[in-house]
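>>> What shape does this take:
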Amino acid sequence: MAWLHTWCGLVSGWLLCAIFLTGTLSVFRAPITRWMQAQPPLEAAAAQAPLALDKAARHLASEAAGARFWRIELPQQAGDALLLAWQPARGQRGGLHTAAMDPATGALLPQPWGRKTEGGRHFMSFHYSLHAGTIGFWLVGFLAMCMLVALVSGVVVHRRIFADFFTLRLGKGQRSWLDAHNVTGVLALPFLFMIAYTGLAYFYSSYMPWPLRAVYGDSPQAQARYQGELSPEAAPPRRSLQGQPAAMQDLAQLLDQAQQLTGRSPRMLFIERPGDVSMTVRVFHQPPSDTQTILHQAAQVSFDGVSGAVLQLRNPDPHAPTHSGQIHPVLEALHVASFGGWTLRWMYFVFGLMGTAMMATGTMLFMVKRRKKSAQEFGGATAGFYRLVECLNVAALAGMALACMGYFWLNRLLPASLPGRELWEIRGFLIIWAASGLHAACRPPARAWVEQLVLAAALCMLLPLLNLATTGLCAWHYAQRGDWQSASVELVAIAFGMLLMGMARTVKRHWHSPGPRATLAPLPKPAKPAKWQAAQPGYRLQVSSRVLAACLGGYGLASLAAAALARMLPRFSGLSSAEAVLSASLLSFVLYTALAIWVFSTRSASQAWLGLAMLALACAALVLA
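Predicted coordinates:
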């Protein structure tokens with residue numbers, strides 16, 4: 001079990017550090033996006049100004065006739081602009097087109113209005129896909145499972161983990177690293193379990209599609225049938241393009257009617273198939289300010305764009321009876337912190353940093369131990385492997401911090417009119433991260449740590465000056481006009497800079513001190529292989545077999561067991577088919593974790609494979625029966 005915790009944590013820890021840090025930053029993706037867009041402030045105006053809406057509709061009719069949809073984002077704070085976007089019809093080149101209007105007068109604003117950027121959405125996208133498409137999406141899911149395995153095995157291994165939580169010995173070398181690992185792990189342990197599980201459950205139908213397929217089949221309508229049976233809420237009305245032109249209802253009147261029906265402030269209008277007799281106008285509202293409930297879905301009103309008739313009204317009542325269709329939205333809300341206001345977001349931010357620190361100290365503890373005494377895991381290649389681990393440790397923590405701050409700097413340094421500048425910001429982020437790994441490979445470990453931490457700290461603390469030089473604004477100006485979201489971005493950056501500078505000074509001080517100098521030596525002392533390794537001639541083959549059994553065999557068995565459970569639950573309980581699929585899918589991740597740990601607790605790899613095969617045959621028989 002100790003071997004499983006060590007190696008599972010090490011192999012997955014490097015990318016998990018990056019995933020956790022970007023996920024922590026994405027908690028404040030809205031303020032980050034607002035700061036990075038740097039839109040010039042306007043005169044305060046009513047968000048539902050009829051004149052502005054009328055001019056917006058006229059502009060869209062002239063510039064985007066025949067578009068697939070129009071989108072009008074209403075100002076939510078004083079000084080915001082009215083933002084327009086449209087998607088050209090199929091067959092036309094170009095992506096999403098945008099424009100901005102003064103909400104007071106309806107006058108078009110210069111383009112680009114602000115800076116085109118992914119903003120905080122970049123951190124969220126990297127968090128769940130690593131910007132690597134389908135491969136990155138599945139890799140993140142695999143790493144989340146590794147995290148669950150490492151957490152469970154860590155609790156089993158550290159039997160005195162809760163007692164060690166109250167012990168933090170500084171300046172004691174390896175003991176200090178272990179204490180820091182235990183303290184951050186125990187303090188954030190419930191949060192870490194929750195965030196790892198809800199991250200998998202967020203995409204349960206993608207990561208574990210077999211229960212759904214076992215019950216509803218592989219047809220394209222299977223997902224729609226499942227969702228329809230799971231939730232009693234009616235699906236949005238679907239209307240097809242008729243090809244007959246028609247005039248649109250007055251948007252200001254529809255907006256007022258939607259506000260009267262829901263009692264909430266609108267935030268966006270979405271017009272589907274504009275100019276056609278089948279056009280639909282959807283009005284989306286702000287979610288309620290009630291922070292006492294996890295579920296607080298935004299209201300939505302759908303109108304017939306020609307007659308103005310109400311097609312659908314969705315105004316969720318937080319006090320209404322719950323149903324099984326709300327389980328997944330609750331899990332989503334728990335993962336993305338979409339409830340509880342700013343207080344809960346700051347709690348997520350702090351616990352996210354603790355989780356990142358736990359993973360970072362775990363990967364660094366591996367090398368702290370082996371700098372004193374090598375375990376010779378890879379024979380003659382052990383020294384090279386240790387050097388690789390040192391480089392990856394630097395890139396996973398210092399390099400990722402450097403890349404994140406470089407992303408903010410690129411936002412201000414790239415020309416606002418640069419085509420595809422939002423893509424160049426992301427490319428720059430990835431290039432800086434890769435360069436940090438190359439720098440760590442070319443420099444001694446201690447120097448690489450110090451140099452990258454100092455550079456990241458400098459970028460953090462100089463960010464307000466860069467913003468002042470490029471936009472004429474800083475935290476003081478934001479605070480004066482009440483934009484505390486943008487001001488907090490720079491204040492947090494300064495705090496991070498001070499923290500990183502303190503880390504750099506600590507590393508440098510220990511580097512020059514005579515005592516811990518040997519701790520930072522790049523070459524480990526050779527040692528004989530452990531007896532339990534030497535006693536087994538096929539030890540590495542056994543380990544590889546167990547890894548395959550846990551990863552592939554465990555996933556296959558968990559899939560079959562979940563499919564069997566989804567088929568059997570409606571017969572032996574009061575659950576519907578949809579509820580059985582949901583229950584089996586959510587339980588499959590718990591079963592997968594238990595199977596992976598069981599594989600490494602058996603006496604031999606052959607015994608693990610035999611047990612998996614027997615259970616798989618039993619589950620397959622239940623599914624086929």
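>>> Quick check, residue 282 in contact with residue 304.
No - contact criterion CB atoms under 8 Å: residue 282 and residue 304 do not qualify, at 11.2 Å. For glycine as for every other residue, the C-beta is placed from the backbone atoms N, C-alpha and C.
>>> show me where the stretch 51-200 of the chain has strands.
Taking DSSP state E, counting those that start in this stretch, the strands of the stretch 51-200 of the chain run over residues 69-73, 82-87, 97-101.
>>> tell me the contacts of the most centrally placed residue in the chain?
With the centre of the chain defined as its mean C-alpha position, the nearest residue by CA atoms, centre = their mean is residue 127, 3.6 Å away. For residue 127, the contacting residues are 19, 22, 23, 26, 140, by CB atoms under 8 Å, 6 or more residues apart in numbering.
>>> Just send the strands of the stretch 51-200 of the chain back as TSV, with mean pLDDT too.
Converted to TSV, the strands of the stretch 51-200 of the chain look like this (pLDDT from 0 to 100):
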stretch	mean pLDDT
strand 69-73	92
strand 82-87	89
strand 97-101	88
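>>> ok, residue 351 - how many residues close by?
Close neighbours of residue 351, defined as other CB atoms under 10 Å, add up to 21.
>>> so where is the stretch 151-300 of the chain shaky, pLDDT-wise?
Across the stretch 151-300 of the chain, the ranges flagged by pLDDT under 70 are 159-177, 179, 233-236, 288-292.
>>> hmm, back to that, out of the contacts of residue 127, what pair is the most spread apart?
For the contacts of residue 127, the maximum inter-member distance is 13.2 Å, found between 26 and 140 (CB to CB).
>>> Residues touching stretch 16-33, excluding its own?
Applying CB under 8 Å, 6+ apart, the set of residues contacting stretch 16-33 from outside is 117-121, 123-124, 126-127, 130, 140, 143, 146-147, 195, 336-337, 345, 348-349, 352-353, 355-356, 359-360, 363, 396-397, 400-401, 404, 433, 485-486, 488-489, 492.
>>> Centre of the chain to that stretch, how far?
Stretch 16-33 has its C-alpha centroid displaced from the chain centroid by 7 Å (CA atoms, centre = their mean, to the nearest Å).
>>> How about that stretch, which residues are buried there?
The neighbour-count criterion (16 or more other CB atoms under 10 Å) identifies 16-29, 31-33 as the buried residues of stretch 16-33.
>>> what about dumping the CA coordinates of it to CSV?
What follows is stretch 16-33 as a C-alpha-only set of coordinates in CSV (Å, rounded to 0.1, in the frame of the first residue of the first chain):
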residue,chain,number,x,y,z
LEU,A,16,-2.2,17.2,-10.8
CYS,A,17,-0.3,20.2,-9.4
ALA,A,18,-1.0,22.0,-12.7
ILE,A,19,-4.6,20.9,-12.8
PHE,A,20,-5.3,21.9,-9.2
LEU,A,21,-3.6,25.3,-9.5
THR,A,22,-5.5,26.2,-12.6
GLY,A,23,-8.7,24.9,-11.1
THR,A,24,-8.1,27.0,-8.1
LEU,A,25,-7.6,30.1,-10.2
SER,A,26,-10.7,29.3,-12.2
VAL,A,27,-12.8,29.8,-9.1
PHE,A,28,-12.3,33.5,-9.8
ARG,A,29,-12.6,33.2,-13.6
ALA,A,30,-15.2,36.0,-13.8
PRO,A,31,-13.0,38.6,-12.1
ILE,A,32,-10.0,37.4,-14.1
THR,A,33,-11.9,37.7,-17.4
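>>> now it: mean pLDDT?
For stretch 16-33, the mean pLDDT works out to 94.
>>> what stretches of the stretch 401-550 of the chain score poorly on pLDDT?
When the per-residue scores of the stretch 401-550 of the chain are filtered using pLDDT under 70, the ranges that remain are 510-537.
>>> Helices along that one, start to end?
Secondary structure of the stretch 401-550 of the chain by DSSP state H, counting those that start in this stretch: the helices cover 421-442, 445-461, 463-471, 475-480, 484-512, 531-534, 539-548.
>>> Would you mind getting the angle between the helix or strand containing residue 370 and helix 445-461?
Residue 370 is located in helix 341-372, with elements delineated by DSSP states H and E. Taking axes from the mean of the first three to the mean of the last three CA atoms, to 10 degrees, helix 341-372 and helix 445-461 form an angle of 160 degrees between their directions.
>>> and among the helices of the stretch 401-550 of the chain, the most buried is which?
helix 445-461 (a mean of 22; mean count of other CB atoms under 10 Å).
>>> In CSV, list the C-alpha atoms belonging to it.
Only the C-alpha atoms of helix 445-461 are listed here, as CSV (Å, rounded to 0.1, in the frame of the first residue of the first chain):
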residue,chain,number,x,y,z
PRO,A,445,18.0,21.9,-9.3
ALA,A,446,18.5,24.5,-6.6
ARG,A,447,19.4,27.2,-9.0
ALA,A,448,16.4,26.3,-11.2
TRP,A,449,14.1,26.6,-8.2
VAL,A,450,15.4,29.9,-7.2
GLU,A,451,15.5,31.5,-10.6
GLN,A,452,12.0,30.4,-11.6
LEU,A,453,10.5,31.4,-8.3
VAL,A,454,12.1,34.8,-8.4
LEU,A,455,11.0,35.4,-11.9
ALA,A,456,7.4,34.4,-11.2
ALA,A,457,7.5,36.6,-8.1
ALA,A,458,8.7,39.5,-10.1
LEU,A,459,6.0,39.0,-12.7
CYS,A,460,3.4,39.0,-9.9
MET,A,461,4.5,42.1,-8.1
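>>> Contacts for that helix next, please.
Counting by CB under 8 Å, 6+ apart, helix 445-461 makes contact with 390-391, 393-394, 398-399, 401-402, 405-406, 408-409, 436, 439-440, 443, 493-494, 496-501, 503-504, 507-508, 511, 520, 522, all of which sit outside it.
>>> quick one on the thing from earlier: more neighbours, residue 282 and residue 304?
A count of neighbours by other CB under 10 Å puts residue 282 above the other of residue 282 and residue 304, at 22 against 18.
>>> what about that one, which SS state?
Assigned state for residue 282: strand (three-state reduction, DSSP: H, G, I helix; E, B strand; the rest coil).
>>> so who does it touch?
Taking CB under 8 Å, 6+ apart, we find residue 282 in contact with 236, 269, 270, 271, 272, 300, 301, 302, 303.
>>> Now, of those, which are buried?
Among the contacts of residue 282, those classed as buried by neighbour count (16+ other CB under 10 Å) are 269, 270, 271, 272, 300, 301, 302, 303.
>>> Of those, which is the nearest to residue 240?
The closest of the buried ones among the contacts of residue 282 to residue 240 turns out to be residue 272 (CB to CB; 10.6 Å).
>>> Is that closest one in contact with residue 280, as I believe?
Yes - between residue 272 and residue 280 there is a contact at 4.6 Å, judged by CB under 8 Å.
>>> overlap in contacts of these two?
239, 305.
>>> rewinding a little: buried ones from the contacts of stretch 16-33, can you make that a ChimeraX selection?
Filtering the contacts of stretch 16-33 down to the buried ones (16+ other CB under 10 Å) takes a single ChimeraX command:
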select :117,118,119,120,123,124,126,127,130,140,143,146,147,195,336,337,345,348,349,352,353,355,356,359,360,363,396,397,400,401,404,433,485,486,488,489,492
